[in-house]
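J.: predicted model and sequence follow; I will ask about them next.
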Amino acid sequence: MAEDYYAVLGVARNATEQQIRQRFHELVRSRHPDRFHGEEKARAEVEFQRITEAANVLGSAERRRRHDGELAQAQANATTSGGGERELARVYM
């Protein structure tokens, strides 16, 4: 499944570009790798990369549109494959 960049940034799917940019700056201030040491710094670097990628995707209208399509497709696949079997079992029980 595609990573949900809205969840990474903690913003709603209908967030404006300004809200996304503001949230990105909040997260950068609190989670920048330079604020940590040792193992925490390594984890912060990985998280910082995820935050940056999410902001880059959601900050571009074209990339955001593709991302929304991927999320919709992944959700549709999840409901028709795994969720369908569970629903079928529930109906027959």
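T.: Happy to help now that I have it.

J.: what distance do you get for residue 75 to residue 62?
T.: Distance from residue 75 to residue 62, counting by CB to CB, to the nearest Å: 21 Å. Every C-beta, even on glycine, is put in place using the N, C-alpha and C of the backbone.

J.: higher neighbour count, those two?
T.: More neighbours surround residue 75 than the other of residue 75 and residue 62, with 14 against 8 (other CB atoms under 10 Å).

J.: pLDDT score for the more buried one?
T.: Residue 75 carries a pLDDT value of 86.

J.: please identify which helix or strand holds the nearest residue to residue 50 once chain neighbours are set aside.
T.: Excluding the flanking residues, the one nearest residue 50 by CB to CB, 6 or more residues apart in numbering is residue 8, at 5.4 Å. Following DSSP states H and E, one finds residue 8 within helix 5-9.

J.: who's in contact with that helix?
T.: Under the criterion CB atoms under 8 Å, 6 or more residues apart in numbering, residues 12-13, 15, 20, 23-24, 27, 50-51, 53-55, 57-58, 67 lie in contact with helix 5-9.

J.: buried residues, that helix. List them.
T.: 5, 6, 8, 9 (16 or more other CB atoms under 10 Å).

J.: residue 80: which of those is nearest?
T.: residue 6 (22.3 Å; CB to CB).
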